[in-house]
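Novice: build me a model:
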Amino acid sequence: MGKVSLMDLDPRWVGEAWTKNTFEDGIPFGLSFKCPIAGCPVEHIVVPFKIFIGYDPKLHHIWTMIGTSFEDISFSPSIDATRNKQGQPTGCLFHGFITNGEVTW
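Specialist: Numbers count the residues shown, from 1 in each chain. Model prediction:
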């Protein structure tokens, strides 16, 4: 098991650049951060917390987010980046939590 501050993982709010669509309200719909596991082939993990343009409930998860900044943000349920919503492997090694700005796995 590991633990690191989200701030150490280059967190970014996700919006228009990720979807390549018009982001109507200017408010981010997700969080991106570097995978904390050494040797993981996936560079950034994206965690959507609200419905976005192109959202498909068959393809995308939406997590519950609490907090106002990278320092106090929490997501539920756990973030399993090892598989997509169809259960297929993604190549990522991360399955863990973000709680009060701390990433654990």
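
Novice: for residue 89, which non-adjacent residue is closest in space?
Specialist: Nearest residue to residue 89, sequence neighbours excluded (CB to CB, 6 or more residues apart in numbering): residue 83, at 5.9 Å. Quick note: C-beta positions are derived from backbone N, CA and C, even for glycine.

Novice: next one: that neighbour relative to residue 5, how far apart?
Specialist: Distance, residue 83 to residue 5, by CB to CB, to the nearest Å: 26 Å.

Novice: helices of this protein, residue ranges please.
Specialist: Taking DSSP state H to define them, one finds helices in the chain at 16-19.

Novice: quick one, what contacts the residue nearest in space to the middle of it?
Specialist: In the chain, the residue lying closest to the centroid (CA atoms, centre = their mean) is residue 47, at 2.3 Å. Shown in contact with residue 47 (CB atoms under 8 Å, 6 or more residues apart in numbering): 30, 31, 32, 33, 63, 75, 79, 98.

Novice: before I go, just wanted to say thanks for your time.
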